[in-house]
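K.L.:
Fold the stuff below for me.
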Amino acid sequence: MPDRPVPPDAVDPADLDALRDQLGRVPRGVVSIAARCRHGRPTVVRTAPRLEDGTPFPTTFYLTCPPAARAVSTLEAEHLMADMQARLADDAELASAYAAAHEDYLARRGELGHVEEIAGISAGGMPERVKCLHALLAHSLAVGRGVNPFGDETLDVLAARGMWSPATCTC
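P.N.:
A predicted model of the protein is given here:
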């Protein structure tokens, strides 16, 4: 595929306005809305692998919903990632599932084009580290359960603690 930005032609202007409100800035590289909350507002945006200004951008699935982002930040501050990282090192089946999530992420970004500078780099620390729960949750919300084990787990923890879910979003 060509190494060029994917234009946001199919994105509804109302979604771009909602994203601008959520992010506090003009959204960049938007290809589509990958997930929505119960209110129909964007929760995850699918982003081109190269932004309009030429910058490589590996984060294909980007969490935009402010209540979700705040809730995930709380989990990160509570060091949930350290627990996940420890289990990743001790559980071969989990490590295999996480590696498969990495490959899924790369394949879905590959649908949008190839950018040499980020070849083989996915998001969230995959496949060897647990580094960004925002990215891992965004992946799960965008593609559905059963693909990213730590994205799914993050969603489960948020829901179990009453912190956030797409079904109870307060945006």
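K.L.:
Please report how far the residue positioned nearest the centre of the chain lies from Cys132.
P.N.:
In the chain, the centroid-proximal residue (CA atoms, centre = their mean) is Ala138; its distance is 2.8 Å. The gap separating Ala138 from Cys132 is 9 Å, by CB to CB, to the nearest Å. For the C-beta atoms, the positions are set from N, CA and C on the backbone; glycine is no exception.
K.L.:
what's the answer for Cys171, then?
P.N.:
Counting by CB to CB - Cys171 and Cys132 are separated by 21 Å.
K.L.:
Quick one: residues contacting the nearest residue to Ala97 once chain neighbours are set aside.
P.N.:
In this structure, Ala97 finds its nearest non-sequential neighbour in Pro149, 4.7 Å apart by CB to CB, 6 or more residues apart in numbering. Neighbour list for Pro149: 94, 97-98, 101 [criterion: CB atoms under 8 Å, 6 or more residues apart in numbering].
K.L.:
longest single helix anywhere in this structure?
P.N.:
Determined from DSSP state H, the single longest helix within the chain is helix 92-110.
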